[in-house]
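[1] Provided below are the primary sequence and the corresponding predicted coordinates.
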Amino acid sequence: MFACGNNRVSQRPCQCSLHVYHAAALCIGAAFSPVNAACLLELSPPRVVVRFGDSLSANCTSSSDQIEGMGWESPYGGVDLTKGVTSLPFKINSVPEWAIEPMCYTNSRDGDQCTEVLPVTVYKMPDNVSLKNLRTVEEGQQFAIQCDIVNVAPARNLSVVWHKGNKNLSSQTFDESSPSNVSKSSVLTLTAHRDDDGAEIWCEAKLNLWPQEQGPPPARSEAHTLTVLYPPTFIDPLNETLELSAGEKMSLNCNATGNPLPSYHWQFPQAAQETRKNQDVNHPIVTQPFEFPGVYTCTASNTQGTVTKYFTVNKPPGIGPGAIVGIVIAVLAVIGILGVIYYKSKS
Ligand SMILES: *[C@@H]1O[C@H](CO)[C@@H](O)[C@H](O)[C@H]1NC(C)=O
Ligand SMILES: *[C@@H]1O[C@H](CO)[C@@H](O)[C@H](O)[C@H]1NC(C)=O
Ligand SMILES: *[C@@H]1O[C@H](CO)[C@@H](O)[C@H](O)[C@H]1NC(C)=O
Ligand SMILES: *[C@@H]1O[C@H](CO)[C@@H](O)[C@H](O)[C@H]1NC(C)=O
């Protein structure tokens, strides 16, 4: 660490007494900043965002013709007072600290001193972004997923964005004064909904240090596929009433959504039951010619619940066995009458 003004040749008493470089720089900045405009000191670039461990360089240029010399004050890469120049480069090969404030100074012939601090933001993208507390949830249940961001800096410029499918759910920022690398967590609380079953969820950590689309890409966690358990729900929920039609196939549709996938159980009227003994009835849709009237019952069930749907199959009016007997009797009667008439006409 530097004592204030260590490096400078100034006839003025040093205005800062703190023996901490960092604090001294702030102090000088505050004390001298109104003067800086008149100093005609320009830093290029005016501020620096640099990755921890990368190189940093800047130039300090004075447009005053009154300067005697200039230098850079910094615990890393400092440049001693250099006479007879109006521009002086500064360079650190590998930024070793989270907080650095290099300061350019000029000494003018009349003994005045100008300083300008180069604002430096040292950043580090996270080592790892991952999700925690992943589990299967039941519909209606509240649950929380945690996103862990490991070893990132500076956290005050970090935002964590939650994504579900192609929707942006929420984003979180952090109050953090330390410029050093830290780990942070963001917790998302949701209520499980069946529509979210199968949806992908993930979090993303980004540093807001650059204008849009510049800087390194955000660090993403793995995508987690949500599993929401919910009871069977019929796609066609209403009970149905159908009519038998001889020989024609009919569909009884008991299809239901649900997680886990529902299993089905059919209960047929006694007479119908006997004809389909060997058929698989664990199926949502039964298609066949139904020969027997009665109530066909379908039950869809999974671990979350059971629902039942009733299909009432009726005889069509008029063409039941009674009607057939009637028709047969009528036909026989007609034949009989014709026979009688025939016999009568022959004799
Ligand atoms: C500093 O100035 C030198 C000479 O003009 C130039 O080559 C260099 O790119 C400049 N560096 C920065 C960081 O502006
Ligand atoms: C970083 O965050 C601080 C505090 O929120 C803010 O003042 C500063 O402008 C941010 N830095 C950049 C480069 O946006
Ligand atoms: C279907 O019929 C059953 C038995 O008659 C009844 O309890 C149930 O409420 C009906 N369901 C619908 C959706 O109408
Ligand atoms: C049941 O409905 C679902 C959703 O509409 C559909 O994907 C599935 O194919 C249907 N099952 C049958 C056997 O028709």
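    Done, it's in. Ligands and ions are numbered 1, 2, ... in the order given.
[2] Could you pick out the residues of the protein near ligand 2 for me?
    121, 156-157, 208-209 (C-beta under 6 Å from any ligand atom). To be clear about C-beta, it is placed using only N, CA and C from the backbone, and glycine gets the same treatment.
[3] Of those, which belong to strands?
    Of the residues of the chain next to ligand 2, the ones assigned to strands by DSSP state E are Thr121.
[4] can I get the residues of the chain next to ligand 2 in CSV with pLDDT?
    CSV is the format used below for those (pLDDT from 0 to 100):
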residue, pLDDT
Thr121, 97
Arg156, 97
Asn157, 97
Asn208, 96
Leu209, 96
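[5] Tell me the buried residues within the residues of the chain next to ligand 2.
    Buried subset of the residues of the chain next to ligand 2 (neighbour count, 16 or more other C-beta atoms under 10 Å): 121, 156-157.
[6] ok, those residues vs ligand 1, which is closest?
    Set against ligand 1, the nearest of these by C-beta to the nearest ligand atom is Thr121 (15.6 Å).
[7] Who are the contact partners of that closest one?
    With contact set as C-beta atoms under 8 Å, 6 or more residues apart in numbering, Thr121 has these partners: 47-50, 154, 157, 179, 209.
[8] make it 6 Å
    Val49 (C-beta atoms under 6 Å, 6 or more residues apart in numbering).
[9] For beta bridges, what are the partners of it?
    Judged by DSSP bridges, the bridge partners of Thr121 are Val49.
[10] measure it to Val48 for me?
    To Val48, Thr121 is 7 Å away according to C-beta to C-beta, to the nearest Å.
[11] Could you do Thr82 as well?
    Taking C-beta to C-beta, one finds Thr82 at 21 Å from Val48.
[12] Tell me the pLDDT of Asn36.
    As predicted, Asn36 sits at a pLDDT of 48.
[13] For the residue in the chain that ligand 4 sits nearest to, which non-adjacent residue is spatially closest?
    Of all residues in the chain, the one sitting closest to ligand 4 is Asn255 (3.6 Å; C-beta to the nearest ligand atom). Excluding the flanking residues, the one nearest Asn255 by C-beta to C-beta, 6 or more residues apart in numbering is Pro284, at 4.0 Å.
[14] again, but for Val137
    Val137 sits nearest to Ala192 (C-beta to C-beta, 6+ apart), 4.2 Å away.
[15] Enumerate every residue touching that neighbour.
    Contacts of Ala192 by C-beta under 6 Å, 6+ apart are 137, 139, 141, 228.
[16] Out of these, who's the most crowded?
    Tallying neighbours with other C-beta atoms under 10 Å puts Val228 at the head of the contacts of Ala192, with 22 neighbours.
[17] Could you check how far that one is from Ile201?
    As judged by C-beta to C-beta, Val228 and Ile201 stand 11 Å apart.
[18] next one: Ile67
    Taking C-beta to C-beta as the criterion, Ile67 is separated from Ile201 by 59 Å.
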